[in-house]
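Asks: Pasting the sequence and the predicted coordinates here, then a few questions.
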Amino acid sequence: MNYQELISFCKPISISGPEPETIGKLRQDSREVVPGDIFIAVKGSKSDGHNFIHEAIERGAGIIICQKEIELNENVTVITVKKTRKLLGKLAQKMEGNPADKLKIIGVTGTNGKTTVTTLVWQILTKLNYQASLLGTIEKRVLQDKSPSRLTTADPIELAQAMKEMTDAGSEYLVMEVSSHALDQGRTKGISFQVAVFTNLSHDHLDYHETMNEYASAKKKLFNSLDSKSWAITNADDERGEWIVNSTPAKILSFSFEDKGLLQAKILQSDAKGMTISIDETKIETPLVGRFNAYNVVEALLTCTALGVDGKKAAEILKHCTGAPGRMERINQELDTSNEPIVFVDYAHTPNALENVLSTLRELKTRHQKLVCVFGCGGDRDKSKRPKMAKIAESYANRVIVTSDNPRSEDPDLIIDDIMEGFKNPENITRLTNRRDAIHEAVFTSKAGSIVLIAGKGHETYQEINGDRIHFDDREIALEALQKRDDTTKKEGAV
Ligand SMILES: CC(=O)N[C@H]1[C@@H](OP(=O)(O)OP(=O)(O)OC[C@H]2O[C@@H](n3ccc(=O)[nH]c3=O)[C@H](O)[C@@H]2O)O[C@H](CO)[C@@H](O)[C@@H]1O[C@H](C)C(=O)N[C@@H](C)C(=O)N[C@H](CCC(=O)O)C(=O)O
Ligand SMILES: Nc1ncnc2c1ncn2[C@@H]1O[C@H](COP(=O)(O)OP(=O)(O)OP(=O)(O)O)[C@@H](O)[C@H]1O
């Protein structure tokens with residue numbers, strides 16, 4: 001983009017200063033500015049980018065885009081526009097060659113399930129040889145190439161750059177999570193979605209949105225931004241499921257497990273190894289467990305059909321789709337579980353999340369199955385959750401093994417002491433400070449068919465100890481333990 005194009009794109013109220021010789025990158029954070037860059041001053045929730053204009057100039061910004069008249073002594077080009085935030089997304093796209101226009105974009109919003117639904121859709125598309133990329137809380141995937149994410153929905157500049165990387169790599173589809181923060185801050189301005197999905201809405205993020213109505217209204221923006229060729233998929237069983245799409249120009253697909261939506265869904269069978277679900281005429285077998293995942297799976301299937309994928313083909317692929325990494329991830333999915341416990345790894349590291357996961361697993365377990373829970377609590381963080389998590393684990397699980405989870409600068413044994421205070425019957429609890437030993441103990445001593453939950457780390461791949469991040473992946477250790485158990489079982493007969 002040259003200077004003249006930039007000016008005509010920005011539709012300025014006024015321009016001052018010299019015409020710059022070169023145009024660098026667009027930045028909204030003064031700390032990232034290098035000589036020649038354009039700094040756009042945006043008013044945020046904590047501070048106002050206009051306060052950092054001098055810093056941006058000191059760092060060599062060649063052009064300032066702002067929305068307030070400013071007096072500058074420096075020899076810098078100043079472009080004043082009506083609203084910088086409104087311009088930011090569109091300008092970011094324009095500067096990268098409008099990559100969003102070259103992608104079919106699927107946006108998933110809602111309090112829970114975003115990562116699971118986007119991952120499932122990405123897995124289906126990829127397995128069917130569509131060129132698909134992914135953006136969300138856990139990772140960015142440019143086709144198969146993955147890297148960790150900073151935010152659920154990146155800022156407009158990062159988004160445009162990621163999309164450019166994706167189109168350069170040959171992507172035709174992008175499946176992305178869209179947070180309420182991003183919608184409220186207009187991070188997705190300049191992006192057209194082909195499909196938007198609403199998962200559900202519950203109490204969350206009220207520190208930011210203040211009221212549930214404001215939180216819901218932020219989510220609704222995604223559906224109002226659609227056009228008449230796009231699809232809006234909604235969960236009609238959610239209190240706000242119908243409302244969220246009531247002013248969208250898009251075609252609507254609403255579904256319900258409770259006889260409410262356009263399409264009727266049913267859970268035909270459900271246990272700790274997966275579910276069989278029907279949606280309309282399509283039957284889906286999934287290894288994912290828990291009623292909430294039935295919603296996620298249906299949303300993933302409907303998204304794919306809205307994109308033109310044959311429903312039966314998508315359902316066939318879903319049989320082998322594992323969902324989001326570290327979110328109720330079943331470790332021995334591909335192994336023969338007849339001689340083994342069924343092992344799950346989940347990110348639950350708060351009392352609420354632990355209770356959700358344990359109650360789901362408890363509902364799935366038969367009278368003969370035992371539920372074993374391995375968990376710990378982080379150091380240098382909220383200490384009040386330690387006894388609370390103990391109480392929850394003890395009330396849902398048949399056996400609890402307490403261990404370390406990112407002790408940071410604290411002594412892991414003292415953290416475990418705090419956790420132990422929450423147990424009613426501490427004499428029944430096993431404490432094993434070494435997390436690897438704890439996982440091995442759970443896997444080795446649980447009978448075939450028992451359910452083992454390893455909670456806390458999920459997709460994370462480290463143990464944080466005294467400022468060092470030491471590689472540690474619950475999934476690797478669980479798999480290692482399962483394989484060792486399998487070998488031992490074969491040698492010694494059934495455990
Ligand atoms: C509350 C919130 O969402 N903040 C995000 C927002 O910041 P903001 O617009 O409020 O910015 P601000 O800090 O007030 O600063 C205003 C402006 O001054 C600039 N600035 C600021 C300081 C400085 O030294 N120089 C400078 O230029 C900032 O870059 C910004 O442009 O825009 C920034 C750029 O896009 C984000 O980095 C920042 O995310 C912060 C780090 C964050 O933690 N966000 C979380 C809450 C978030 O967005 N989470 C959702 C998911 C939530 C969920 O579902 O769990 C997400 O999408 O990840
Ligand atoms: N549809 C759903 N309804 C209710 N809870 C769900 C649903 N899907 C997932 N969960 C629960 O929320 C947790 C997080 O799931 P997921 O990562 O898919 O959601 P998310 O919306 O991306 O949330 P986050 O941004 O916090 O990761 C899961 O481990 C599970 O306990």
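Replies: Alright, I've got the coordinates. Ligands and ions are numbered 1, 2, ... in the order given.
Asks: beta partners for I63?
Replies: Taking DSSP bridges as the rule, I63 bridges to I38, T77.
Asks: Name the spans of the stretch 51-200 of the chain whose pLDDT lies under the cut-off.
Replies: Within the stretch 51-200 of the chain, no range satisfies pLDDT under 70.
Asks: Flag every residue of it that's near ligand 2.
Replies: Taking CB under 6 Å from any ligand atom as the criterion, the stretch 51-200 of the chain approaches ligand 2 at residues 112-116, 137, 152, 177, 199-200. In short, each C-beta sits where N, CA and C put it, glycine included.
Asks: how close does the residue nearest to Q194 when sequence neighbours are not counted get to ligand 1?
Replies: Counting by CB to CB, 6 or more residues apart in numbering, the nearest residue to Q194 once its immediate chain neighbours are dropped is K104, at 4.7 Å. Noted for K104: a distance of 22 Å to ligand 1, by CB to the nearest ligand atom, to the nearest Å.
Asks: give me every residue that touches K104.
Replies: Counting by CB atoms under 8 Å, 6 or more residues apart in numbering, K104 touches 172-174, 194, 307.
Asks: Repeat the analysis, applying 7 Å as the threshold.
Replies: K104 makes contact with 172-173, 194, 307 under the criterion CB atoms under 7 Å, 6 or more residues apart in numbering.
Asks: ok, so what distance separates it from K82?
Replies: K104 sits 31 Å away from K82, going by CB to CB, to the nearest Å.
Asks: how about this protein, which residue sits the furthest from its center?
Replies: The centre of the chain is farthest from one residue, N73, which by CA atoms, centre = their mean lies 45.2 Å away.
Asks: How about T199, nearest residue that isn't a chain neighbour?
Replies: Distances taken as CB to CB, 6+ apart put G110 closest to T199, at 2.9 Å, once the chain neighbours are dropped.
Asks: is it true that that neighbour touches N200?
Replies: Yes - G110 lies in contact with N200 (CB atoms under 7 Å); the separation is 5.0 Å.
Asks: Who has more neighbours out of those two?
Replies: Neighbours were counted for G110 and for N200 using other CB atoms under 10 Å; G110 has more, 29 against 21.
Asks: Give me the phi and psi for that one.
Replies: Note on G110: backbone dihedrals following degrees, to the nearest 10 are phi 140, psi 170.
Asks: And I454, by the same measure?
Replies: Note on I454: its backbone torsions stand at phi -110, psi 110 [degrees, to the nearest 10].
Asks: out of the contacts of K104, which are buried?
Replies: Among these, those buried by neighbour count (16 or more other CB atoms under 10 Å) are 173, 194, 307.
Asks: How is the chain partitioned into domains?
Replies: The chain is divided into the following domains under automatic domain parsing: 3-84, 99-318, 329-491.
Asks: got a list of what the closest residue in space to L364 that isn't next to it in sequence touches?
Replies: Once flanking residues are discounted, L364 sits nearest to A272: 4.6 Å by CB to CB, 6+ apart. Contact analysis of A272 by CB under 7 Å, 6+ apart lists 289, 342, 361, 364-365, 451.
Asks: Could you find which two of those are furthest from each other?
Replies: The distance between the two most remote of the contacts of A272 (CB to CB) is 10.5 Å, for V289 and K365.
Asks: Looking at those two now, which is surrounded by more residues?
Replies: Per other CB under 10 Å, whichever of V289 and K365 has more neighbours is V289, with 24 against 18.
Asks: tell me the SS of that one?
Replies: coil (DSSP: H, G, I helix; E, B strand; the rest coil).
Asks: quick one: contacts for it?
Replies: 272, 274-275, 328, 364.
Asks: how about those residues, which pair is most distant?
Replies: Largest pairwise distance in these, by CB to CB, is 12.1 Å, between M275 and M328.
Asks: Give me the more crowded residue out of the two.
Replies: M328 (24 against 21).
Asks: In contact with the more buried one, which residues?
Replies: Shown in contact with M328 (CB under 7 Å, 6+ apart): 289-290, 344, 346, 357.
Asks: 8 Å instead?
Replies: Contacts for M328 were tallied using CB under 8 Å, 6+ apart; they are 288-290, 293, 344, 346, 357, 360.
Asks: Can you add pLDDT and distance to A182 and give those back as TSV?
Replies: Formatted as TSV, the contacts of M328 follow (pLDDT from 0 to 100; distance: CB to CB, whole Å):
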residue	pLDDT	distance to A182
L288	95	26
V289	94	30
G290	92	27
N293	95	24
F344	96	30
D346	96	25
V357	96	27
T360	95	28
